[in-house]
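A.B. asks: Next come a sequence and a model predicted from it.
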Amino acid sequence: MINTDVVIVGAGPCGLFQVFELGLLGLKAVVVDSIRQPGGQCTELYPDKPIYDIPGIPVCTGEELTDGLLKQIAPFEPGMYLNEEVTVVRKDGENSFYVETSGGNQFNAKAVVIAAGVGSFQPRQMRVPRVDHFEASNLHYRVQDPKQFSGKRLVIMGGGDSALDWVLELVGIASHITLVHRRDEYRAVPASVDKMRKLVADGTMAVVENAKVASVDTTDGIINSMTLQPKDGEAIEVAVDDVLVFFGLAPKLGPIADWGLDINRKTINVDVEKFETSVPGIYAIGDINFYPGKKKLILCGFHEAAMAAFAIKQQIEPDQKVRVQYTTTSPIMHERLGVTD
Ligand SMILES: Cc1cc2nc3c(=O)[nH]c(=O)nc-3n(C[C@H](O)[C@H](O)[C@H](O)COP(=O)(O)OP(=O)(O)OC[C@H]3O[C@@H](n4cnc5c(N)ncnc54)[C@H](O)[C@@H]3O)c2cc1C
């Protein structure tokens with residue numbers, strides 16, 4: 001069991017800034033996100049696109065904003081648990097919450113902040129009948145340990161960075177790789193595509209473009225081979241030990257729906273003083289929350305993070321007066337930020 005003051009569900013811009021606001025008030029936080037990198041929509045959906053409405057930063061990309069936030073929260077040394085979904089949030093006493101993740105981590109926290117954006121990003125599934133059936137055997141949407149594919153015949157599906165990155169990483173480990181893409185243009189960076197094409201040209205691997213899966217041949221819940229149908233030309237049958245699918249990620253509200261909160265369509269109702277949900281001690285900020293006048297903007301989420309931090313401090317220390325202190329002049333803020341005067 002890992003003890004902390006606050007568990008933050010979601011490492012998007014609002015979840016990251018929540019660490020900062022809590023840190024200024026002397027509270028420790030851990031952040032959990034179901035995807036592999038922090039930044040939420042900013043890094044998952046638009047890492048290179050410019051954002052123009054962050055106060056004081058005339059323009060920055062989604063990735064630059066995330067890097068800046070990570071630097072800003074570094075003094076508070078938050079625990080960062082990536083590639084793990086928060087599955088359970090349960091109140092088990094006054095100022096006490098039990099939180100569990102899909103990675104098997106268990107936390108005890110005094111408060112929980114849900115900064116889950118448009119929901120937990122989940123891999124888009126391959127569309128074949130009874131697809132769930134193979135997920136326990138040889139169909140994979142993420143790679144935990146590349147060595148598990150040593151000497152295996154792999155079909156890797158997709159045309160983005162994840163698909164191409166794994167092709168290039170696994171090509172020296174697997175016995176053979178066939179990359180299957182529904183188009184002949186790739187979303188992956190051109191350098192990776194060039195490398196892949198060279199490997200195809202020298203016979204190290206194969207690629208089937210403009211193709212979709214026509215059928216899969218299975219025995220006892222294991223995929224043995226796939227029949228690929230290119231737009232033009234004959235069907236191709238490929239024998240396979242493992243299939244890796246990288247069709248991108250789509251957001252889903254996911255387990256949040258089961259945490260006993262007052263949900264309004266796919267958002268969580270909060271008040272506008274504390275940004276607290278219907279369960280005292282659980283707060284919601286950023287795109288996931290709803291209140292009259294809500295705007296899904298990063299700067300609104302930053303304000304909500306500040307307000308929630310003050311409310312959490314007051315919740316944990318009800319007899320203390322929580323004062324606003326300026327980072328410019330307050331010695332205690334400087335100490336918490338690691339600034340030497
Ligand atoms: C193309 C595009 C351009 C945009 N441009 C702008 C702009 O210019 N200015 C602006 O202000 N806003 C912009 N936005 C909106 C902005 O990105 C969002 O308002 C912002 O990302 C919300 O931040 P967040 O932290 O609330 O959530 P998100 O960024 O959505 O992050 C939430 C994170 O929570 C994780 N999560 C969810 N559920 C769980 C769970 N159960 N367990 C673990 N992790 C979980 C998700 O995986 C995700 O990483 C844009 C959005 C898009 C799509």
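C.D. replies: On my side now, so go ahead. Numbers count the residues shown, from 1 in each chain.

A.B. asks: my read: G286 touches V113, true?
C.D. replies: No. Assessed by C-beta atoms under 8 Å, G286 is found out of contact with V113, at 9.3 Å. C-beta coordinates here come from the backbone N, C-alpha and C atoms, glycine included.

A.B. asks: Overlap in contacts, those two.
C.D. replies: 15, 305 (C-beta atoms under 8 Å, 6 or more residues apart in numbering).

A.B. asks: of the two, who's got more company?
C.D. replies: V113 (32 against 29; other C-beta atoms under 10 Å).

A.B. asks: correct me, but that one touches T4?
C.D. replies: No. The criterion here is C-beta under 8 Å, and V113 misses it with T4 at 11.6 Å.

A.B. asks: can you list residues touching both of the two?
C.D. replies: By C-beta under 8 Å, 6+ apart, the residues touching both V113 and T4 are A29.

A.B. asks: Could you look up the SS state of R197?
C.D. replies: Classification of R197 using DSSP: H, G, I helix; E, B strand; the rest coil returns helix.

A.B. asks: residues contacting it?
C.D. replies: V207 are the contacts of R197 under C-beta under 8 Å, 6+ apart.

A.B. asks: How about R153?
C.D. replies: 174-176, 178, 239-242.

A.B. asks: for it, phi and psi?
C.D. replies: R153 adopts backbone torsions of phi -90, psi 120, taken as degrees, to the nearest 10.

A.B. asks: same thing with D241?
C.D. replies: The phi/psi pair for D241 (degrees, to the nearest 10) is phi -100, psi -40.

A.B. asks: With L299 instead?
C.D. replies: Dihedral angles (degrees, to the nearest 10) for L299: phi -60, psi -30.

A.B. asks: In contact with it, which residues are there?
C.D. replies: L299 touches 53-55, counting by C-beta under 8 Å, 6+ apart.

A.B. asks: if we take those residues, which one ends up nearest to V32?
C.D. replies: I54 (24.3 Å; C-beta to C-beta).

A.B. asks: check contacts around the closest one.
C.D. replies: Counted by C-beta under 8 Å, 6+ apart, I54 has contacts 60, 65, 298-299.

A.B. asks: I114 now?
C.D. replies: 9-10, 89, 256, 261, 268, 277, 282-285, 288-289.

A.B. asks: Filtering those residues by proximity to the ligand, which remain?
C.D. replies: Contacts with the ligand within these, as defined by C-beta under 6 Å from any ligand atom: 9-10, 256.

A.B. asks: re the thing from before, let's have the contacts of L299 in JSON lines, adding secondary structure.
C.D. replies: Putting the contacts of L299 into JSON lines (three-state DSSP) gives the following:
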{"residue": "D53", "secondary structure": "coil"}
{"residue": "I54", "secondary structure": "strand"}
{"residue": "P55", "secondary structure": "coil"}
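
A.B. asks: Adding distance to I316 and pLDDT, write the residues you listed out as a markdown table.
C.D. replies: A markdown table is the format used below for these (distance: C-beta to C-beta, whole Å; pLDDT from 0 to 100):
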| residue | distance to I316 | pLDDT |
| --- | --- | --- |
| D53 | 33 | 96 |
| I54 | 30 | 96 |
| P55 | 29 | 96 |
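
A.B. asks: Which of those sits closest to I222?
C.D. replies: Among the contacts of L299, and counting by C-beta to C-beta, the member closest to I222 is I54, at 49.2 Å.

A.B. asks: Tell me which of the contacts of R153 fall in strands.
C.D. replies: Using DSSP state E, the members of those that fall in strands are 176, 178, 239, 242.

A.B. asks: Enumerate every residue touching the closest residue to V272 other than its chain neighbours.
C.D. replies: Leaving aside its sequence neighbours, V272 sits nearest to Y291 (C-beta to C-beta, 6 or more residues apart in numbering; 5.0 Å). Going by C-beta under 8 Å, 6+ apart, Y291 touches 269-272.
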